[in-house]
Structures are given as C-alpha cells and as structure tokens.
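Asker: With the sequence up front, the predicted model follows.
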Amino acid sequence: MAGAPTDKTAAVRVDAWIWCVRLTKTRSLAATACRAGHVRVNGERVKPAQSVKVGDEVRLHHAGRERVVVVQRLIAKRVGPPVAAECYVDNSPPPPPRADVLALGVRDRGAGRPTKRDRRDMERLYGRRDG
C-alpha cells in the first residue's frame, strides 16, 4: 500500500497519523491539538512529533467531542475515507443526539444581547451553574 511504513517496528508522527486517517481536516489542526494538550497516546499528553505505533490508544478532543481510537495500521500519507477507517478501531462514545445540539442557544436574529435572566437560563441549560 502506498504511504505505508516498510519496517514492522516503524512509527509515524502522531499529528501526521491523525491527519492521515481523517480525524482532523488539516495537519496543522492536528499539530495545534497536540500542542494544546487535546491529544493523548496511551493516557499521556503528547507533542506533535511523538511517534505512534500499532496498538496505541489515541484520544483526541476535537470539535466538541472526544474520539478514542486504537491504531491498527500505520500510514504516512492521507488516504480516502474507506481505507482510513481500516487503520483504526473507533472506541469513541456516541455523539450527542442531534436534537439536543440544535436546542442549545437558539435566539432570534436581532434580539440583541441576552439579559441577565437569559444568561442564567442558558448557564442552567448548559449545566455550568446550579440554581
């Protein structure tokens, strides 16, 4: 397969692998997520140049959800979605229901800034504040 490391003990940079298997749109987003501490390999925060090997568990917090994947195959070049899906086992929790996502923070256009009461209601809805 094109882009596959030839050595059995080979490793690929974690930011490149995350981008190659299409967990992020760009490699720079993957590297930024690593630098911000949103990527963990086997439970430890990693830098973008950290190597990832077959069998490693990669946790990525991106776009408001956490992705948990186990590396099945190393690739060094970006591939199509069907091939990328074969490179990992997805153990991620299911995404939140779409109805819940749409219900959050709906305001009429031109309604202006939320009042103190509106803000408290929104915080209660998001679960950030009691009372």
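Answerer: Looks like it arrived, so ask away. Numbering: from 1, shown residues only.

Asker: How much space separates the closest residue to K47 other than its chain neighbours from T115?
Answerer: Sequence neighbours aside, C34 is the residue nearest to K47 in space, at 5.9 Å (criterion: C-beta to C-beta, 6 or more residues apart in numbering). For glycine as for every other residue, the C-beta is placed from the backbone atoms N, C-alpha and C. Using C-beta to C-beta, to the nearest Å, C34 is found at 40 Å from T115.

Asker: Show me which helix or strand of this protein is least confident by mean pLDDT.
Answerer: helix 98-103 (a mean of 58; mean pLDDT, DSSP states H and E).

Asker: Pull the top helix by length along the chain out as PDB, backbone CA atoms only.
Answerer: When the chain is parsed with DSSP state H, its longest helix is helix 116-126. This file holds the C-alpha atoms of helix 116-126, laid out as PDB (Å, rounded to 0.1, in the frame of the first residue of the first chain):
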ATOM      1  CA  LYS A 116     -29.100  38.600  32.900                       C
ATOM      2  CA  ARG A 117     -32.100  36.300  33.300                       C
ATOM      3  CA  ASP A 118     -31.400  34.800  29.800                       C
ATOM      4  CA  ARG A 119     -27.800  34.300  30.600                       C
ATOM      5  CA  ARG A 120     -28.700  32.500  33.900                       C
ATOM      6  CA  ASP A 121     -31.200  30.300  32.000                       C
ATOM      7  CA  MET A 122     -28.600  29.400  29.400                       C
ATOM      8  CA  GLU A 123     -26.000  28.500  32.100                       C
ATOM      9  CA  ARG A 124     -28.600  26.300  33.800                       C
ATOM     10  CA  LEU A 125     -29.300  24.600  30.500                       C
ATOM     11  CA  TYR A 126     -25.600  24.000  29.800                       C
END
